[in-house]
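K.L.:
no sequence for this one, just the structure:
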Ligand SMILES: C[S@@+](CC[C@H](N)C(=O)[O-])C[C@H]1O[C@@H](n2cnc3c(N)ncnc32)[C@H](O)[C@@H]1O
């Protein structure tokens, strides 16, 4: 039986978010996270923070109908917890205030399934579960909280909390733009939490940070709570107390001139990371032991003094850490290791792309803003697809950089449209329209051995996709069409358009969607993967990629309503959408049923 849209969206949403949180915890450590959350931190401040507390968990709020189904959902995500849950005090209070409810109406419990970090450290996903029984009237709270993620946070546990340490850590966080965002004492576990929002320049999808201290630290908490608790990340403007939210004197934030300096030198970060990758430095380092700069210089054919300068800057960005004992040297962090050529889902091709052709075209951004046309075409004399397709090395780099961003696809094979197709008695077919190098189709066919695939792509990309799917053992279940969007094959059960529509203007999108609509049988589903522009101005990668699309591709990101209108224009209907990692979304689309004939 088909699940209803809201059941389906909720199921996918909580599961996807649990999986994404577990993956995040696995992939990060304190050294890589603190510079992302607090841009500009380094030297003694970073050492003091990292020396007194450690990354302990990623926290999130989910909405099961009861605890049994929550535990089943956790088990589905590979998260096991054998301890009993205990009641939340702080998050329950925040929810009650935000939604003007009596706390007694809200049953919020805490579970902390353990996750092993890549560095061998034991961490957890902290799961706050608000029980939402069917027809309880709490569904609106769940929908709002899912959409805004107010309670998502990253927690750093203080190793030996005492009043002085707590105050010192709060002062360091304030210096780097973190703002108090509530907190509380939970007597059920004898622990004190202090929440902060991270500064606007933070390079992390999590926008809140927690300091967790075992024991009762209500004095430090009272000083922390003296600050107004914003509902969401505050923007520049007037706070409840009438002070200016960006005034460093009242917020402890970095002065504007210092923040601007950090922003203006953003291009240095892009090039430092690209240079690190181009010179194959990550491949000459490892995450366990530090290497002396002289040895690294010899191995990579670089100048020792200049290399030390680059590595010191990269240490500030969190890609490497400096170690002084027994000799000065540098060690790769988990973040830096993503730039190794042999890392699973390596991000090296993205570093080469953003530090290469796209870096050059960003230098021509004025042209795009003046004319609305892609600066890339202006600079290189042709559209980026044609430019890359003509040069096999660039074409390969483009395909690999798309694959490097494929973390977004993680939860997609579990989408109800695909699991339903996989359970159909006759073997169902997934058609990936402009499926690139086949990475998404590989994930879908690997997860569902009884599904078949068809990949439509331009001729040069088909060859790469065939190699990837053959190597993954899915080749025998796959057909390929070398062609254009106009050649979308008919008769599939699930159609996929991943990261395609944002490349094009509205007219071209209608054409592409029209080709899909004509090819789709009435029962077929269409899954569109895109980033959605936020409607409330909250920070999102979609806003950054909107600028990238304008400058480099001549396309744009859109809001969900915008996609709904384009779909309606070609007889398709947006049934719902649910989030994916990296601020992505999957839009679930079906054919609009023809209106019933009028009675004579
Ligand atoms: C941004 S990539 C997305 C690839 C893949 N769907 C993914 O998410 O990894 C866009 C793809 O559209 C393909 N493409 C561009 N123009 C096309 C056309 N006219 N017909 C078919 N595919 C096209 C490109 O070859 C490229 O692989």
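P.N.:
Cool, the structure landed. Quick caveat: nothing in here was measured; it's all calculated off a predicted structure.

K.L.:
Show the backbone phi and psi for residue 106.
P.N.:
phi -110, psi 120 (degrees, to the nearest 10).

K.L.:
and the stretch 251-400 of the chain, which residues reach the ligand?
P.N.:
Residues of the stretch 251-400 of the chain found near the ligand (CB under 6 Å from any ligand atom) are residue 385. C-beta coordinates here come from the backbone N, C-alpha and C atoms, glycine included.

K.L.:
Find the closest residue to the ligand in the stretch 251-400 of the chain.
P.N.:
The minimum distance from the stretch 251-400 of the chain to the ligand, using CB to the nearest ligand atom, falls at residue 385 (4.7 Å).

K.L.:
where's that residue, which helix or strand?
P.N.:
Using DSSP states H and E, residue 385 falls within helix 384-390.

K.L.:
ok, and what's touching that helix?
P.N.:
Outside of helix 384-390, the residues within contact range by CB atoms under 8 Å, 6 or more residues apart in numbering are 357, 374, 376-377, 380, 394-395, 397-398, 458, 460, 503, 552-553.

K.L.:
thinking again about what came up before, burial measure for the residue of the stretch 251-400 of the chain closest to the ligand, as a count.
P.N.:
The local packing of residue 385 (other CB atoms under 10 Å) involves 15 other residues.

K.L.:
Against residue 406, how distant is it?
P.N.:
19 Å (CB to CB, to the nearest Å).

K.L.:
thinking again about what came up before, the helix holding residue 385: which residues count as buried?
P.N.:
Under the neighbour-count criterion of 16 or more other CB atoms under 10 Å, helix 384-390 has 384, 387-389 buried.

K.L.:
Next: stretch 447-456.
P.N.:
Neighbour-count burial for stretch 447-456 flags 448, 451-456 (criterion: 16+ other CB under 10 Å).

K.L.:
next one: stretch 196-205
P.N.:
196-202, 204-205.

K.L.:
Next: stretch 559-568.
P.N.:
Buried residues in stretch 559-568 (16+ other CB under 10 Å): 562-564, 566-567.

K.L.:
Could you pull out the helices in the stretch 301-450 of the chain for me?
P.N.:
Taking DSSP state H, counting those that start in this stretch as the test, the helices found in the stretch 301-450 of the chain are 304-317, 334-337, 348-354, 357-362, 365-371, 375-380, 384-390, 392-404, 416-423, 439-447.

K.L.:
And for the third one, what's in contact with it?
P.N.:
In this structure, residues lying in contact with helix 348-354 by CB under 8 Å, 6+ apart are 270, 273-274, 276-278, 282, 339-341, 397-398, 400-401, 403-405.

K.L.:
Centre of the chain to that helix, how far?
P.N.:
Put simply, helix 348-354 sits 18 Å off its chain's centre (CA atoms, centre = their mean, to the nearest Å).

K.L.:
how about the helices in the stretch 51-200 of the chain?
P.N.:
67-76, 90-98, 139-148, 163-175.

K.L.:
so can I have a markdown table of those helices showing distance to the ligand?
P.N.:
A markdown table is the format used below for the helices of the stretch 51-200 of the chain (distance: least, CB to the nearest ligand atom, whole Å):
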| stretch | distance to the ligand |
| --- | --- |
| helix 67-76 | 25 |
| helix 90-98 | 36 |
| helix 139-148 | 24 |
| helix 163-175 | 37 |
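
K.L.:
Quickly compare the ones you listed and say which is most buried.
P.N.:
Of all these, helix 90-98 has the most neighbours on average by mean count of other CB atoms under 10 Å, namely a mean of 20.

K.L.:
Need the contact partners of that one.
P.N.:
61, 101-103, 105-106, 108, 110, 128, 130, 141, 145, 150-151, 182-186, 193, 229, 231.

K.L.:
what stretches of the stretch 101-250 of the chain score poorly on pLDDT?
P.N.:
Scanning the stretch 101-250 of the chain with the threshold set as pLDDT under 70 gives 227-250.

K.L.:
same thing but 50
P.N.:
Judged by pLDDT under 50, the stretch 101-250 of the chain has its weakly predicted residues at 228-250.

K.L.:
Determine the three-state secondary structure at the residue of it found nearest the ligand.
P.N.:
In the stretch 101-250 of the chain, the residue that lies nearest the ligand is residue 205 (19.2 Å; CB to the nearest ligand atom). Following DSSP: H, G, I helix; E, B strand; the rest coil, residue 205 is assigned to coil.

K.L.:
need the contact list for it.
P.N.:
Applying CB under 8 Å, 6+ apart to residue 205 gives the contacts 541, 582-583.

K.L.:
for the spatially closest residue to residue 183 that is not a sequence neighbour, what are its contacts?
P.N.:
Distances taken as CB to CB, 6 or more residues apart in numbering put residue 194 closest to residue 183, at 4.2 Å, once the chain neighbours are dropped. Taking CB under 8 Å, 6+ apart, we find residue 194 in contact with 166, 170, 180, 183, 210-211, 213, 220-221, 224.

K.L.:
now do 10 Å
P.N.:
158, 166, 169-170, 173, 180-184, 209-213, 217, 220-221, 223-225 (CB atoms under 10 Å, 6 or more residues apart in numbering).

K.L.:
now residue 504
P.N.:
By CB under 10 Å, 6+ apart, the contact set of residue 504 is 485, 510-512, 549, 553-556.

K.L.:
run the last query once more with 8 Å
P.N.:
512, 554-555.

K.L.:
Next, work out how far apart it and residue 543 are.
P.N.:
Taken as CB to CB, the span from residue 504 to residue 543 is 19 Å.
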